[in-house]
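Fold the stuff below for me.
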Amino acid sequence: MDSIHINRRIRENAENLSDALESHMLKVFAPDARKELRRFNAGEVAGLLGISTSFLRKLHFDGRIPDVHTTPGGRRHYTAADIQVVRAALEETAKTKGAYMRGRRPGDKLQVLSFLNFKGGSGKTTSSIHTAQRLALKGYRVLCVDIDPQASLTTLFGYRPEYDFLQAGTVYDAIRYEDPLPLSAVIQNTYFTGIDLAPGGLLLQEFEHETPQALRHNIQPPFFSRMAMALQEVEDRYDVVIFDCPPQLGYLTMSALCASTGVLITVIPNMLDVASMSQFLQMSADLLDVVSNAGASMEFDFLRFLINRYEANDGPQQQVVAFLRQLFGDEVMVAPVLKSTAISDAGLTHQTVYEVDRSQFHRNTYDRAVDSLNLVNDEIELLMQNAWGR
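Numbers count the residues shown, from 1 in each chain. Okay, here's the model as predicted:
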């Protein structure tokens, strides 16, 4: 088979796969619809707010909060917007400022978190979207920035990058070297209250291709400053920005790192992945030295290793985690993300564990996954709060 036939076959495969994905999306979502977030029951809402369900009922009884959707059986269910209303009402009468509204205050710097690893399949996208959603449910204003040309994060928010952002509309438009747009021009609202999205897509690969020429011609600002400068335009609108980085140490990743205040390196606890991470860390250090010498300023409030897909009963995994804790100490997060069929099965329909209803899974399976993710994401929230001096 000569190269012409190979190219034709590859193109046919690409077109067939694109058509199949389009068909799958149409089955999951109506043709012109976007994803919608489910309602949350009173127990979930009380847990997010840190109050009891009886106190939540009393708020309704006293008329302090408006009524919400109620089932024929008398059970209340809340949209994410409803939760924000309840949170604001609680904050008005709280004895301590920020007891319920825990986002930025005057003088607090924007928290910018990068989820990254050199190795694909380490759970960066899954971790970043679950963190974003948990923080949004707890009242934070979140901007997700998808800088992976594969755009998996963008897809999870119900977009089809290969159709919706084929020619324009991605983060690339805000960081390109010729006539960049304001970041606000590409930010999209999402179905998830409290989260906006700066989409990714294949166009981002152009940044990797154009940067060497930009360096040769000394085009300013340099690549490592462009992401941070783009964020400056919108930073007053958010408490936290979350970067989903590509699985490579390219110019996009370096630009995100130079804009970040916190770094979360996802790790699958097996020795092959740890060996790959060793190379990743060495390459990162070398490249960060280069951009630092070129004038980049990088100061992280924290760097943490996030253990992903952990199986507590797996002896070799336990040994790897113990090895990492001995080596990195407190930089390894206390809580790991457990391996769970609830997480993987939710992903089959482009959803997260926070989006799916508990009734779709075995109760113990669902609760175990949610508890694991909550522990991880609340630990990340605590790191942010500590960075703000609280």
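
so where is this structure shaky, pLDDT-wise?
Within the chain, the stretches with pLDDT under 70 are 1-34, 120.

what residue lies at the spatial centre of it?
Ser128 (2.6 Å; CA atoms, centre = their mean).

I figured that residue hits Thr154, correct?
No: taking CB atoms under 8 Å as the definition, Ser128 is not a contact partner of Thr154, at 11.7 Å. Bear in mind the C-beta positions are built from the backbone N, C-alpha and C, glycine included.

that older thread, name the element the residue nearest to the centre of the chain belongs to?
Using DSSP states H and E, Ser128 maps to helix 124-137.

Partner strands of the following helix or strand past that helix and their direction?
Once the chain leaves helix 124-137, the next helix or strand it forms, by DSSP H and E, is strand 142-146. Here strand 142-146 has these sheet partners by DSSP bridges: strand 195-198 (parallel), strand 240-244 (parallel).

most packed of those?
strand 240-244 (a mean of 27; mean count of other CB atoms under 10 Å).

How is the chain partitioned into domains?
Following automatic domain parsing, one finds the domains of the chain at 40-93, 111-387.

re earlier: ok, so what distance separates the residue nearest to the centre of the chain from Gln84?
In this view, Ser128 and Gln84 are 22 Å apart by CB to CB, to the nearest Å.

Likewise for Gly250?
Gly250 is 37 Å from Gln84, by CB to CB.

hey, where'd the strands end up in the stretch 201-350 of the chain?
Here the stretch 201-350 of the chain has its strands, by DSSP state E, counting those that start in this stretch, at 240-244, 262-267, 302-307.

Apart from its neighbours in sequence, what residue is nearest Met283?
Leaving aside its chain neighbours, Met283 sits nearest to Leu249 (5.3 Å; criterion: CB to CB, 6 or more residues apart in numbering).

What is the neighbour count of the one you found?
Other residues near Leu249 come to 19 when the count uses other CB atoms under 10 Å.

contacting residues around Asn189?
Going by CB atoms under 8 Å, 6 or more residues apart in numbering, Asn189 touches 196-197.

what pairs with it across the strands?
Asp196.

quick one: which of the domains of the chain is nearest Arg102?
Among the domains of the chain, the nearest to Arg102 by CB to CB is domain 111-387 (6.2 Å).

Was I right to think Tyr159 contacts Gln188?
Yes: contact between Tyr159 and Gln188 holds when scored by CB under 8 Å: they sit 7.4 Å apart.

what residues do those two have in common as contacts?
Both Tyr159 and Gln188 are in contact with 197, 199, where contact means CB under 8 Å, 6+ apart.

So these two - more neighbours on which side?
Tyr159 (25 against 18).

Number of residues surrounding the nearest residue to the more buried one once chain neighbours are set aside?
Nearest residue to Tyr159, sequence neighbours excluded (CB to CB, 6+ apart): Pro199, at 6.2 Å. With neighbours defined by other CB under 10 Å, the count for Pro199 comes to 26.

measure Pro199 to Gly329 for me?
37 Å.

Leu231 too?
Distance from Leu231 to Gly329, by CB to CB: 31 Å.

between those two, which one's more packed in?
Leu231 (20 against 8).

quick one, what contacts the more buried one?
Counted by CB under 8 Å, 6+ apart, Leu231 has contacts 110, 112, 183, 241, 259.

again, only using 10 Å
Counting by CB atoms under 10 Å, 6 or more residues apart in numbering, Leu231 touches 110, 112, 143, 145, 174, 183, 198, 238, 241, 243, 259.

Give me the distance from the helix holding Ser128 to the chain's centre.
4 Å (CA atoms, centre = their mean, to the nearest Å).

Could you do stretch 329-337 as well?
The answer for stretch 329-337 is 18 Å, by CA atoms, centre = their mean.

And for stretch 189-198?
11 Å.

Regarding it, how distant is the last residue from the first?
9 Å (CA to CA, to the nearest Å).

Which residues are in contact with the nearest residue to Asp301 once chain neighbours are set aside?
Excluding the flanking residues, the one nearest Asp301 by CB to CB, 6+ apart is Ala387, at 3.9 Å. Shown in contact with Ala387 (CB under 10 Å, 6+ apart): 108-109, 111, 261-262, 300-302.

which of those has the most neighbours?
Ranking the contacts of Ala387 using other CB under 10 Å puts Gln111 first, with 27 neighbours.

Leaving out chain neighbours, which residue sits closest to that residue?
In space, Gln111 is closest to Val240, 4.4 Å off (CB to CB, 6+ apart).

quick one: that neighbour from Val274, how far?
28 Å.

what residues are up against Asp273?
Counted by CB under 10 Å, 6+ apart, Asp273 has contacts 117-119, 121-122, 266-267, 280, 308-309, 320.
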